[in-house]
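J.: Okay, predicted coordinates and the sequence, questions at the end:
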Amino acid sequence: MATTTTDSPTTRPQPLSPMPSGPDRATVLKTLGREDRIPGLPSAQEIAAGLIARHGKPLNARDLQRITAITRSAWMPRFYDAAPDRGDWPGSVFVDQPPNLPNPEAPDTPPDTDHDGTSVDGCTFDTVRRLVDRTTFGFSWRELDYAYTNGYDAYLEWQLDHESIDDSVLQTRLDTEFETLDESPRRHVLRAWDGNYDMMWDLLNATFLRQATSGRQLYERMVEFWSDHFNIYLFKDGGEMFKPIDDRDVIRPHALGKFSDIVKASTRSPAMLTYLDGAFSFAWAPNENYARELMELHTLGVDNFTQQDVKQVARCFTGFTIDYNANNQSLGQFRFESYWHDHGTKNVLGQKVPGGGGVADGDRVIDILCHSPKGAALTSRFLAGKLAVRFWGENPPAALVDEIAQAYLDTDGDIKSMLRVVLAERWLRCSRPRLKRPYHYALSAIRTVPSYITGYWALIYLSDTMGQTPFLWAPPNGYPDSSAFWAGHMLPRWRYPNSMFFEQNEVQFDLQPFSRQTTDEVVEAINIYIFGGYMPRSLRLELADYLGPPPFTNNRLREVLTLAISSPAFQQH
């Protein structure tokens, strides 16, 4: 069905007909006229083998064949087969344009004073749009419609109350597609001992699906934040079987809760114990690696503790290990070995940890780091700085960091309270534009163009070429959160949209919203759907010049969408 349009920028797009079914990939490519021009991505086997080889894991042919088949279960649609009606695709909730989207001809002269009256550059006149950009992996019409209809504060509270957002469609897909997500630690260990790492691939694929399609976008962004903060390298020995449990039982339940709760849960995470070498730490030979990273990267920050503190904290966590007894139902779960534990008195940050506490010594350490006067003061500022950079931008105002830290102190580390500060309108209005990290950039393209995900190997491969695949950062500090780090690796980012539109068939894109009658109408559709009304005028002219006069083939539409998504304006948020 053709989409009718007028010159009005607020025309309601018409409903789309169901996705046609039947043709195989070769037929579709021939129809698109691109068969002889598509180099194609590596095969699923090549992608998996390359990824594993780069991270030093052995893999035989039988295992390779099996792991590259796990995302091709019988229920999943083949290319253009059995996909749901496009009206149900993420990004395809066709609504009236919010009435206060900026007119393309409006002057771009936003306010030039900060929250305190200081003259600055870069403030926005549309704080609602900036809030949506900072709280999502790329806006979709669902978020924009809710935010413009209900207002800034209502949208923020809607996202903070994540459990009230209906994600039942996503949950049905997760339950159907990924059988290992809810399995016990015992089952994961037994799988791994048998050379089966399906749970690792399920984690990667489910993470892509959740963060691309979930309505709980701020929650998913905080899951990503804490996954960086409590970084665990998936391919370190043991990570394959334990990190999926850590994501399910540590990161996700506490992502918008109390900070001390997520730290305590992490201290007993088999994935963290394995990654930072804490699983075999004895009274007679304490391992100091976890103790150091707990203070430097998880709580106090660098240079805010002494080597003596490291030694004392390491003593407190001796005996924290994992049950490796195959006869136990608790195989793969946290276990405390009293015989390995140092039962003497310790002193952490000047606070006494009485002897004889056993496993409670670890909890006492977290209480000192997160709640004692000295510990809370240091931890609150360290955490405030990281949250400010993630959501406000680099080099945040000291007053903002102070206010976030005070929210931590006032609420005993309540994460939502800290987010209410950093995402407050008076602060976010003059926040700095941020270069999207590669993974964020990849997801934002999928979220803005109506799409449906049927497979994941292309996403894994392309995110890996851009340098950011979830859980594959080896050092304990998590993926960098600075534009300077990512700005030097732009060529794979420019290639990404071309690969998505021309070289893969696992993410299906609906081009009908862009199938308009005139050049100006096509460019305006790109402006609305991809830029939410904020396409720079220079880019508008460039796209119109490249598009040329009608008629427009599907190939030409894909090419102009590739240029739009490759542009500097789309690379930022």
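T.: Structure's in. What do you need? Residues are numbered from 1 along each chain as shown.
J.: where exactly do the helices run in the stretch 251-400 of the chain?
T.: Defined through DSSP state H, counting those that start in this stretch, the helices belonging to the stretch 251-400 of the chain, from first to last, are 252-254, 259-267, 270-275, 289-293, 307-316, 360-371, 373-391, 398-411.
J.: Please enumerate the strands of the stretch 401-550 of the chain.
T.: Taking DSSP state E, counting those that start in this stretch to define them, one finds strands in the stretch 401-550 of the chain at 451-453, 507-509.
J.: coming back round to it: among the helices of the stretch 251-400 of the chain, which is the most enclosed?
T.: Sort the helices of the stretch 251-400 of the chain by mean neighbour count, taking mean count of other Cβ atoms under 10 Å, and helix 270-275 sits at the top with a mean of 27. To be clear about C-beta, it is placed using only N, CA and C from the backbone, and glycine gets the same treatment.
J.: Show me what that helix is packed up against.
T.: In terms of contact count using 3 or more Cβ pairs under 8 Å, 6 or more residues apart in numbering; DSSP states H and E, helix 270-275 is assigned the packing partners helix 239-246, strand 320-322.
J.: Deepest in the core, which of those is it.
T.: Between the helices and strands packed on helix 270-275, the one whose residues have the most neighbours on average, counting mean count of other Cβ under 10 Å, is helix 239-246 (a mean of 26).
J.: Need the contact partners of it.
T.: Outside of helix 239-246, the residues that reach it under the criterion Cβ atoms under 8 Å, 6 or more residues apart in numbering are 180-181, 185, 188-189, 191-192, 197, 199-200, 202-203, 232-234, 266, 269-272, 274-275, 322, 332, 471.
J.: can you do 6 Å?
T.: With contacts defined as Cβ atoms under 6 Å, 6 or more residues apart in numbering, helix 239-246 is touched by 185, 188-189, 192, 197, 199-200, 203, 232-234, 269-271, 274.
J.: State the three-state secondary structure for the closest residue to residue 472 other than its chain neighbours.
T.: On the basis of Cβ to Cβ, 6 or more residues apart in numbering, the spatially nearest residue to residue 472 that is not a chain neighbour turns out to be residue 234, at 5.9 Å. Secondary structure, DSSP: H, G, I helix; E, B strand; the rest coil: residue 234 is coil.
J.: Contact partners for residue 234?
T.: Taking Cβ under 6 Å, 6+ apart, one finds 243, 471-472 in contact with residue 234.
J.: Just the pLDDT at the closest residue to residue 527 other than its chain neighbours, thanks.
T.: Excluding its sequence neighbours, the residue lying closest to residue 527 (Cβ to Cβ, 6+ apart) is residue 535, at 4.1 Å. We note a pLDDT of 91 for residue 535 in this prediction.
J.: I'd like the distance between the closest residue to residue 248 other than its chain neighbours and residue 202.
T.: Across the structure, with Cβ to Cβ, 6+ apart as the measure, the residue nearest residue 248 apart from its sequence neighbours is residue 181 (6.8 Å). Spatial separation of residue 181 from residue 202 under the definition Cβ to Cβ, to the nearest Å is 6 Å.
J.: and these two? which has more neighbours close in?
T.: Neighbours were counted for residue 181 and for residue 202 using other Cβ atoms under 10 Å; residue 202 has more, 21 against 16.
J.: Skip the chain neighbours and tell me the closest residue to the more buried one.
T.: Closest residue to residue 202 in three dimensions, ignoring its sequence neighbours and counting by Cβ to Cβ, 6+ apart: residue 178, at 4.2 Å.
J.: Now for the one you found, how many residues are close by?
T.: Using other Cβ under 10 Å, residue 178 has 22 neighbouring residues.
J.: Show the backbone phi and psi for it.
T.: When read as degrees, to the nearest 10, the backbone of residue 178 gives phi -120, psi 100.
J.: Ok, residue 214 next?
T.: Backbone torsions of residue 214, given as degrees, to the nearest 10, read phi -70, psi 140.
J.: give me the low-pLDDT residue ranges for the chain?
T.: Applying pLDDT under 70 to the chain flags residues 1-40, 54, 56-122.
J.: Just give the closest residue to the residue nearest the centre of it, not the sequence neighbours.
T.: For the chain, the residue lying nearest the average C-alpha position, counting by Cα atoms, centre = their mean, turns out to be residue 224 (4.4 Å). With Cβ to Cβ, 6+ apart as the measure, residue 211 is the residue that lies nearest to residue 224, at 7.0 Å, once sequence neighbours are left out.
J.: residues contacting the one you found?
T.: Under the criterion of Cβ under 6 Å, 6+ apart, the neighbours of residue 211 are 137, 220, 443.
J.: Helix or strand: which one has it?
T.: Under the criterion DSSP states H and E, the helix or strand holding residue 211 is helix 198-213.
J.: for residue 227, same thing?
T.: Element membership for residue 227, per DSSP H and E: helix 217-229.
J.: Using CSV, write down the CA coordinates of that helix.
T.: The C-alpha coordinates for helix 217-229 follow below in CSV (Å, rounded to 0.1, in the frame of the first residue of the first chain):
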residue,chain,number,x,y,z
GLN,A,217,15.1,2.2,27.9
LEU,A,218,16.6,4.0,30.9
TYR,A,219,16.7,0.7,32.8
GLU,A,220,18.6,-0.9,29.9
ARG,A,221,21.0,2.1,29.8
MET,A,222,21.7,1.6,33.5
VAL,A,223,22.2,-2.1,32.9
GLU,A,224,24.9,-1.1,30.4
PHE,A,225,26.3,1.4,32.9
TRP,A,226,26.7,-1.1,35.7
SER,A,227,28.0,-3.8,33.3
ASP,A,228,30.8,-1.3,32.6
HIS,A,229,31.2,-0.3,36.2
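J.: Check the spacing between residue 558 and residue 442 real quick.
T.: Relative to residue 442, residue 558 is positioned 17 Å away (Cβ to Cβ).
J.: now residue 216
T.: Using Cβ to Cβ, residue 216 is found at 19 Å from residue 442.
J.: How about the contacts made by the closest residue to residue 242 other than its chain neighbours?
T.: Leaving aside its sequence neighbours, residue 242 sits nearest to residue 271 (Cβ to Cβ, 6+ apart; 3.7 Å). Taking Cβ under 6 Å, 6+ apart as the criterion, residue 271 is in contact with 232, 242-243, 246.
J.: need the residues you listed in JSON lines with distance to residue 49, can you?
T.: As requested, the contacts of residue 271 are arranged in JSON lines below (distance: Cβ to Cβ, whole Å):
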{"residue": "232", "distance to residue 49": "23"}
{"residue": "242", "distance to residue 49": "23"}
{"residue": "243", "distance to residue 49": "21"}
{"residue": "246", "distance to residue 49": "26"}
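J.: With respect to residue 387, which of those residues is nearest?
T.: For those, the minimum distance to residue 387 (Cβ to Cβ) is 20.2 Å, reached by residue 232.
J.: For the closest one, what are phi and psi?
T.: Torsion angles, degrees, to the nearest 10, at residue 232: phi -140, psi 120.
J.: Can you give me the neighbour number for it?
T.: For residue 232, the neighbour count with other Cβ under 10 Å is 25.
J.: ok, it - contacts?
T.: Contacts were defined as Cβ under 6 Å, 6+ apart; by that measure residue 232 touches 243, 271, 275.
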